[in-house]
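> Please find the sequence and the predicted model below.
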Amino acid sequence: MNDTTGLLVAILICLPAFLLAFQKSSWLVDYLFFVVALNRGVRRYVDWLNGSFNPLSLISLTPIIVGGLATLVVLSELNRRSRQFGSTTIQIILCYSAACAMALVVGFINTSFGAIYALGDYLAPIGLIGFGALCIDKPRILDRWSHSVALSAVVVAVYGIYQFYTIPPWDAFWVRAVDFEGYLGELEPTKMSLFSTLNERGPAASYLCSGLILIVLRPGTLWWFRWPAASLVLMAMLLTYARTSVIQASLACLLFPILNRGSGIIPIAILCMIAAVFGETLLQKLPGEGKAATRVSTIGNIREDGSFQGRMVNMGRAATNALSEPFGLGLGSHGLAARVASKESDGEGDSSGYIESLRTFGWIGFALMVSILYRSWNRSQTLITSKNLDPNVALFRVWFASGMVALLSGNWLFTATFFWVLVGYVVARSDRLKTSERKPKRVDFYFDQDLQTPRNTRLGKTMLQNLDTRA
């Protein structure tokens, strides 16, 4: 009965995605972000109704399936419209695909079905890169995607705040089932960390942080609701008690005018002044007995923090292991996929996004991923020198810089995130610019009115030479 209910709900979630993929609709990207944001919450509710926790629920596969469909659409268009993608875009897609293919083989050897389970999550960026590249001339679609991502973050924030104040029975049921009571706090209102509809508080903080960066730094996102939405998302993000998200969001704001030729310096300066003057007071007024303020205050002396020291020890140990694993552990070696493969409660978790990526892809695959990130950043450099600053390029640059710092703590990169849409957009824009520069310029020439021969042009000299040769 339980499996039947989960299967039915999973089919209902995936059905619209199949219809959108069949029509090759850009709305598939909007739908993907909402599925990623909300599927865990739906699964918890279904498990609660069924009266039993199913760690292998098919509902958890829905973002993998929807992301895989987006990738299939892009791969089909890659054959049909290869010129529109641009050479660098195609190279990046191929490099990413090669790294995933190698990691899939190694993962299948090590974890069997766990590698297949994780494949869709790692393939989703291919679809997002491709859709971003295909829509460089369609600003309305990019605007719509940004609204959808921001709106999904608002939904996660609103439900998370409701969860924080009430502790819904289905969420309490899940916390007990996975034995997270100590990790997430006490199962009482305002005494538990917010995790909303995501895996747990870390992924929830990461998703809310990406939404906050998008809302604050991309002009026009959510129109008049922009700043109320930013306030809601910020409040929910702080109630996750995750310091990495605070660091990333703060860095993104501070780096925006630095990386983008002074753009937005006045509103960013105003935000910094508000944070400096009222930040501590507002943090103290948040529910949770001042825990949010305490967590944020430890950022200044984070090296003395026990949790940070433990993370550094784990990082060093994992890095040593990675040096002896040239082919890596493969897909399915971390997170939920590892639990699927081993039927245990935890997998081969690493404390740093860099180390996790290295151990997943191995030396060659990791080098390919580094080259993808380097080339995308390098391409954004060519676009930032243009007269009219593209807000999507500006957003990519701060997301990239702050995200590389956040990877020291957790792995936010290899999943369905708007960052990959921006990668595709930036690289395709750069390809388009280079193609236009390579086009031969028109050579104008005129005739001497007396001699009726071309004068003072290279083309004219060539024509005279041809006439002499014929004579």
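Ah, there it is.

> Check the gap between residue 232 and residue 412 for me.
Distance, residue 232 to residue 412, using C-beta to C-beta, to the nearest Å: 21 Å. All C-beta atoms are positioned from the backbone trio N, CA, C, and that covers glycine.

> go on, residue 393?
Residue 393 is 20 Å from residue 412, by C-beta to C-beta.

> cool, residue 359 as well?
17 Å.

> Repeat that for residue 142.
21 Å.

> quick one: average pLDDT of the helix or strand where residue 141 lies?
Using DSSP states H and E, residue 141 sits within helix 139-166. If you average the pLDDT over helix 139-166, you get 94.

> what packs against that helix?
Here helix 139-166 touches helix 27-50, helix 201-217, helix 226-238, helix 418-438, going by 3 or more C-beta pairs under 8 Å, 6 or more residues apart in numbering; DSSP states H and E.

> would you turn these into a markdown table with mean neighbour count, mean pLDDT and distance to residue 253?
Formatted as a markdown table, these follow (neighbours: other C-beta atoms under 10 Å; pLDDT from 0 to 100; distance: least, C-beta to C-beta, whole Å):
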| stretch | mean neighbour count | mean pLDDT | distance to residue 253 |
| --- | --- | --- | --- |
| helix 27-50 | 21 | 93 | 22 |
| helix 201-217 | 26 | 91 | 7 |
| helix 226-238 | 21 | 91 | 11 |
| helix 418-438 | 21 | 85 | 17 |
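
> export those to a markdown table and tack on distance to residue 246?
Conversion of these to a markdown table gives the following (distance: least, C-beta to C-beta, whole Å):
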| stretch | distance to residue 246 |
| --- | --- |
| helix 27-50 | 20 |
| helix 201-217 | 8 |
| helix 226-238 | 7 |
| helix 418-438 | 18 |
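
> Out of the ones you listed, which is closest to residue 317?
For residue 317, the closest of the helices and strands packed on helix 139-166 is helix 201-217, at 19.8 Å, according to C-beta to C-beta.

> Which residue lies nearest the spatial centre of the protein?
Centroid-nearest residue in the chain: residue 417, 2.6 Å away (criterion: C-alpha atoms, centre = their mean).

> so where's the stretch 201-350 of the chain uncertain?
278, 288-290, 293-294, 296-316, 318, 334-350 (pLDDT under 70).

> now the strands for it?
For the stretch 201-350 of the chain, no strands are identified by DSSP state E, counting those that start in this stretch.

> what's the domain layout of the protein?
Here the domain parsing of the chain from automatic domain parsing is 86-438, 445-471.

> Mean neighbour count, the ones you listed: which tops it?
domain 86-438 (a mean of 19; mean count of other C-beta atoms under 10 Å).

> between whichever helix in the chain runs longest and helix 418-438, how big is the angle?
Scanning the chain for the helix with the most residues, using DSSP state H, yields helix 353-384. Relative orientation of helix 353-384 versus helix 418-438 (axes from the mean of the first three to the mean of the last three C-alpha atoms, to 10 degrees): 40 degrees.

> Pull the distance from helix 353-384 to the chain's centre.
How far helix 353-384 lies from its chain's middle: 14 Å, per C-alpha atoms, centre = their mean, to the nearest Å.

> and the next helix or strand after it, how far from the chain's centre?
Once the chain leaves helix 353-384, the next helix or strand it forms, by DSSP H and E, is helix 391-406. Relative to its parent chain, helix 391-406 has a centroid offset of 11 Å by C-alpha atoms, centre = their mean.

> residues touching the residue nearest to residue 136 when sequence neighbours are not counted, list them.
Spatially, and ignoring its direct neighbours in sequence, residue 136 is nearest to residue 428 (4.8 Å; C-beta to C-beta, 6 or more residues apart in numbering). Residues in contact with residue 428 (C-beta atoms under 8 Å, 6 or more residues apart in numbering) are 85-86, 89, 132-134, 136.

> Distance-wise, check residue 428 relative to residue 399.
With C-beta to C-beta as the criterion, residue 428 and residue 399 are 17 Å apart.

> Contact partners for the nearest residue to residue 373 once chain neighbours are set aside?
Leaving aside its sequence neighbours, residue 373 sits nearest to residue 400 (C-beta to C-beta, 6+ apart; 7.5 Å). By C-beta under 8 Å, 6+ apart, the contact list for residue 400 reads 373, 376-377, 380, 419.

> Check residue 394 too.
So residue 394 contacts 217, 256, 259-260, 263-264, 384 (C-beta under 8 Å, 6+ apart).

> which one among the residues you listed gets closest to residue 150?
residue 217 (11.2 Å).

> And the closest one, how close does it get to residue 231?
15 Å.

> next one: residue 60
Counting by C-beta to C-beta, the gap from residue 60 to residue 231 is 31 Å.

> for residue 365, same thing?
From residue 365 to residue 231 the distance is 41 Å (C-beta to C-beta).

> How about residue 352?
Distance from residue 352 to residue 231, by C-beta to C-beta: 31 Å.

> Residue 430 too?
35 Å.

> Kindly report the same for residue 92.
Relative to residue 231, and taking C-beta to C-beta, residue 92 is found at 36 Å.

> for residue 273, what are its contacts?
Counting by C-beta under 8 Å, 6+ apart, residue 273 has no contacts.
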